[in-house]
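this one's sequence-less:
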């Protein structure tokens, strides 16, 4: 690859700069090193791990099976790492990613405490210039973003947040030191996937827990359990078959939709199947259910009614149970939080549920939270209020492509991409797990994404190319394809982070085409075809 043209300046030059040292950034560094390139990873945190570095809140864990979530690229890594639970807790996952970083000596090419403020493309030199918040500057032929789908935390729009005198934390910026809830009065605001995990854990020791809920979610049991050495040996022996299955399933999980329709079986068979899925571990009830539950309203009503009955069975107070049953969306049309004894928490005498649609929060006070009908005093407030999803992490960096065009302006009205990896007018920039790429079981998608990007960079190096860019036609074609795959899905008729809605952020109150809804195998086939044809769909110079 031609060396970057470099003026006499303190700017450090690289062949590629990767933003983010999470699962995708670490693997991309490994792959680009294999090409013999000079690579740098810029990471805002003090350590590797991405999601699993930042999200240290109590109860944080996988909802994909641990062994399906880890890297598959190294047989040696697979042979030496033992998972201790079917759904790994955050501390174990972080240990795993630190083990990966140490095993492959990745840290020497990672600069920590380095939050990127801006990334500007220089049309003349065909390089990206990145500037950190601390003023550090870097020049690179390729810019690769590994910043995550859910990595830009959002605080709620509530007056007085800064006035509270007790401890307060956003779940995605949890302190590295232990937080004790023993005997404390604790508030949790939010009942999404994060809130559901945190609430169940905090309730174990809190003196009193008050949950402030705006929108209930359909939650189903995780059914986690320990993995002993004998079972781990069996799992390890089955890795080839398991990873092959993940390559074949719709969303890279070990689960995939049942080929039958909801009403192609008898009512007895349908109920038995729902019971089986509810009693099974993981995402099977969402990802392995009848093929039409996410497209047919009547089928969706059947599974929603089933889960509602389960909630009523598990929550003793009928009034509380009804508040925990969603009314504004059907089962699976939003991300399904997996839980462990979550509903039973509301049977505890030290737990109270406050419906903030009935009694809105007016403000945070020095002592706690004031709603329209009461004032509550707390020692700790936990904000489980989620993220500016999918495009949010991009919006927080001043990214400018050819002729100074801002990415945020380019994406007004929703992202437009080529294969979810590239953006027109932003040459030499590639996104790992960007908008409109296949999501699902994220690490399985990450490995493919990274390998495809590595192929593009290799092609550029081997052919002496200094500019690789998406075309207008390519972006239009892919965006149209993403739009066609979204048609008929009930989830696209619902307000959620998956449709770009976030009431805590200005301008994010209209649904957009935020994600690719097709199958992972179909996505890979399309990308493979582009590579097989020598990337002729791209502008190559």
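Perfect, thanks for sending it. The shown structure was predicted, so the numbers you read here are calculated from the model rather than taken from an experiment.

how many other residues sit next to residue 339?
Using other C-beta atoms under 10 Å, residue 339 has 21 neighbouring residues. All C-beta atoms are positioned from the backbone trio N, CA, C, and that covers glycine.

Tell me which residues touch the residue nearest to it when sequence neighbours are not counted, please.
Spatial nearest neighbour of residue 339, chain neighbours left out: residue 219 (4.5 Å); criterion: C-beta to C-beta, 6 or more residues apart in numbering. Shown in contact with residue 219 (C-beta atoms under 8 Å, 6 or more residues apart in numbering): 196, 336, 337, 338, 339, 342, 343.

6 Å - rerun?
By C-beta atoms under 6 Å, 6 or more residues apart in numbering, residue 219 lies in contact with 196, 337, 339, 342.

For residue 191, see how far away it is.
9 Å (C-beta to C-beta, to the nearest Å).

where does the residue lying closest to residue 418 once chain neighbours are set aside sit relative to residue 537, distance-wise?
Take residue 418 and drop its neighbours on the chain: the residue closest to it by C-beta to C-beta, 6+ apart is residue 470, 3.7 Å away. According to C-beta to C-beta, residue 470 stands 8 Å off from residue 537.

between these two, which one's more packed in?
In this view residue 470 and residue 537 are compared by other C-beta under 10 Å, and residue 470 has more residues nearby, 24 against 17.

now the contacts of residue 219: which count as buried?
Using 16 or more other C-beta atoms under 10 Å as the burial test, those include 196, 337, 339, 342 as buried.

The residues you listed in helices, which ones?
196, 342 (DSSP state H).

Tell me the one of the buried ones among the contacts of residue 219 nearest residue 271?
residue 339 (21.7 Å; C-beta to C-beta).

Using neighbour counts, pick out the buried residues of the helix or strand hosting residue 277.
For residue 277, the enclosing helix or strand under DSSP states H and E is helix 267-278. For helix 267-278, a neighbour-count test (16+ other C-beta under 10 Å) marks 270, 273, 274, 277, 278 as buried.

Ok, stretch 158-174 next?
158, 164, 166, 168, 169, 170, 171, 172, 174.

so how far is residue 129 from the third one?
To residue 129, residue 166 is 43 Å away according to C-beta to C-beta.

what's the answer for the fifth one, then?
Spatial separation of residue 169 from residue 129 under the definition C-beta to C-beta is 35 Å.

residue ranges with poor pLDDT in the chain?
Where the chain drops to pLDDT under 70, the residues are 1-9, 497, 499-501.

again, 90 this time
Within the chain, the ranges that satisfy pLDDT under 90 run 1-10, 149-154, 386-392, 413-414, 438-439, 483, 485-517.

In it, which helix is the longest?
When the chain is parsed with DSSP H, its longest helix is helix 442-462.

who touches that one?
1, 23-24, 27-28, 31, 35, 69, 246, 252, 430, 432, 438, 468, 524, 527, 531, 535.

Name the SS class of residue 108, please.
Under DSSP: H, G, I helix; E, B strand; the rest coil, residue 108 falls in the helix class.

and it, how far is that from residue 102?
Taking C-beta to C-beta, one finds residue 108 at 11 Å from residue 102.
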